[in-house]
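Trainee: Quick one: sequence and predicted model below, then my questions.
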Amino acid sequence: MTEGRYVYCIVEGAQKAQLGNIGIDGSRVYAIPYQDISAVVHDCPAKPYESKDNEVVKDWVIAHEKVIERAWEKLGTVLPLGFDTIIKADEEKDPEEIVEDWLRGDYQNLKEKLDKVKGKAEYGVQISWDTKVISQVLTEKDEELEKLSEEIKSKPKGMAYMYKQKLEKLLRGKLEREAERYFKKFYGRIKECTDEIRIEKLKKDEELRQTLMNVSCLADKEEVKVLGDELDKINNMDAFFVRFTGPWPPYTFV
Amino acid sequence: MPIDIDEDNLKHGLLGLVIAIVEIIRDALKHQALRRMEGGNLTDEEIERLGRALEEIDIAIDQMKEEQGVTETVKSVRDGLDDLVDDVLDQMINPERWKKEGEEKGI
């Protein structure tokens, strides 16, 4: 049954490349060209990949991403598609023709998107901070907090407890405002060195290290050093940590 | 919200859930106590008594978690609840996302 084509990504250039048996479940991956763009596919039945077993799905998704990365390395600019993008044949046309039809119909749009990400890669930036150290610094330079923590020392047990709660609440508020301030600052600095930036959901905090921001950036592969240098500066700040990943194919920006 | 309960860890899970709820009630009490204290309508003696009582609750809860080995379970119940509330809030303040989700589900 090969009445469908599973599409991994669109690549620039008229490619007839064979990428080998690297697809989902070891399928043979190859490119179908139309003019100067091509679709990277494998032959499959015309029904989506579905499984109740999370491990199986995970393997499929990893294979999906591996193919995109491979195509990116070997064939140049790619537009990654989502998992389970399958083009179905109909009674009159074989699936190959349908893929071509699709490339033809959407040519302008695909071409524009390819141009947008040409020579560029996606990078992930996560910045976290050590709230314990920051809290200490805040308490030392904040009169209100310092006064309160001094007061606690001279109070009887029960009152000290209540004042401690008050102190923690105040501190939380101030930490939040600081977080917001730093977020804006870092966001601006990262934006300066990238073409595009997108805010992602924050990941779960690690013990004592709170995630401050999580962004995906699109940057020129040749000019990414500027971003790296800027992030180094942030990483060198006391109690701040930067996680910088990539280059990835531009998953987020297509 | 995934609460991991099967036959083997039923007791464990249930206890974790109960303590998580107790913690949430404790937090609400604490919040109220603090508000009244800051509002200035408690005497020093009342603050002292409240503080001692709340501290005892803290100690008792920690001890129970330790003894029963449910510290992690309680944390995961509370994280699960946090995520749930996050999602609900996110939908409420992002009507566009809400709409999109509805479309995806074909509503």
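Mentor: Right, received. Where do you want to start?

Trainee: Distance of the residue lying closest to B:Gly69 once chain neighbours are set aside relative to B:Ile61?
Mentor: Distances taken as CB to CB, 6 or more residues apart in numbering or on different chains put B:His12 closest to B:Gly69, at 7.6 Å, once the chain neighbours are dropped. Any C-beta I mention is one placed from the backbone N, CA and C, and that applies to glycine too. According to CB to CB, to the nearest Å, B:His12 stands 16 Å off from B:Ile61.

Trainee: Equivalent analysis for A:Glu100, please.
Mentor: With CB to CB as the criterion, A:Glu100 and B:Ile61 are 66 Å apart.

Trainee: residue boundaries of the helices in the stretch 101-250 of chain A?
Mentor: For the stretch 101-250 of chain A, the helices defined by DSSP state H, counting those that start in this stretch occupy A:107-117, A:131-141, A:143-153, A:157-192, A:224-235.

Trainee: Get me the contact residues on chain B for chain A.
Mentor: Residues of chain B lying near chain A by CB under 8 Å from any CB of the partner chain: B:30, B:33-34, B:37-38, B:44, B:47-55, B:79.

Trainee: Next secondary structure after the helix or strand containing B:Leu17?
Mentor: If you go by DSSP states H and E, B:Leu17 is part of helix B:10-39. Sequence-wise, the next helix or strand downstream of helix B:10-39 (DSSP H and E) is helix B:44-68.

Trainee: what does that following helix contact?
Mentor: Contact partners of helix B:44-68, identified using CB atoms under 8 Å, 6 or more residues apart in numbering or on different chains, comprise A:156-162, A:165, B:12, B:15, B:19, B:22-23, B:26, B:29-30, B:33, B:37, B:42, B:70-71, B:74.

Trainee: Residue of chain B nearest chain A, please.
Mentor: Nearest to chain A, among the residues of chain B, is B:Gly51, at 3.2 Å (CB to the nearest CB).

Trainee: Can you report how many residues neighbour that residue?
Mentor: With neighbours defined by other CB atoms under 10 Å in any protein chain shown, the count for B:Gly51 comes to 24.

Trainee: Please name the nearest non-neighbouring residue to it.
Mentor: With CB to CB, 6+ apart as the criterion, B:Gly51 has its nearest non-adjacent residue at 3.2 Å, and that residue is A:Gly158.

Trainee: which residues does the closest residue to chain B within chain A contact?
Mentor: Per CB to the nearest CB, the residue of chain A with the smallest distance to chain B is A:Gly158, at 3.2 Å. By CB under 8 Å, 6+ apart, A:Gly158 lies in contact with B:47-53, B:55.

Trainee: In this structure A:Ile134 contacts A:Arg177, no?
Mentor: No - here A:Ile134 lies out of contact with A:Arg177, judged by CB atoms under 8 Å, at a distance of 11.7 Å.

Trainee: more crowded one of the two?
Mentor: More neighbours surround A:Ile134 than the other of A:Ile134 and A:Arg177, with 20 against 11 (other CB under 10 Å).

Trainee: Now that one: closest residue in space, sequence neighbours ignored.
Mentor: Once flanking residues are discounted, A:Ile134 sits nearest to A:Ala239: 5.5 Å by CB to CB, 6+ apart.

Trainee: Near residue 45, how many other residues are there?
Mentor: Defaulting to chain A. Per other CB under 10 Å, the neighbour tally for A:Pro45 reads 13.

Trainee: nope, chain B
Mentor: Applying other CB under 10 Å, I find that B:Glu45 has 11 neighbouring residues.

Trainee: now swap in A:Asp90 and tell me
Mentor: 11.

Trainee: SS state for it?
Mentor: coil (DSSP: H, G, I helix; E, B strand; the rest coil).

Trainee: hey, what's A:Ile197 bridged with?
Mentor: A:Cys217 (DSSP bridges).

Trainee: Please look at it and A:Ala219 and confirm they touch.
Mentor: No - A:Ile197 is beyond contact range of A:Ala219, at 9.2 Å (criterion: CB under 8 Å).

Trainee: Could you measure from the residue nearest to B:Gly51 over to B:Lys30?
Mentor: Distance of A:Gly158 to B:Lys30, given as CB to CB: 13 Å.
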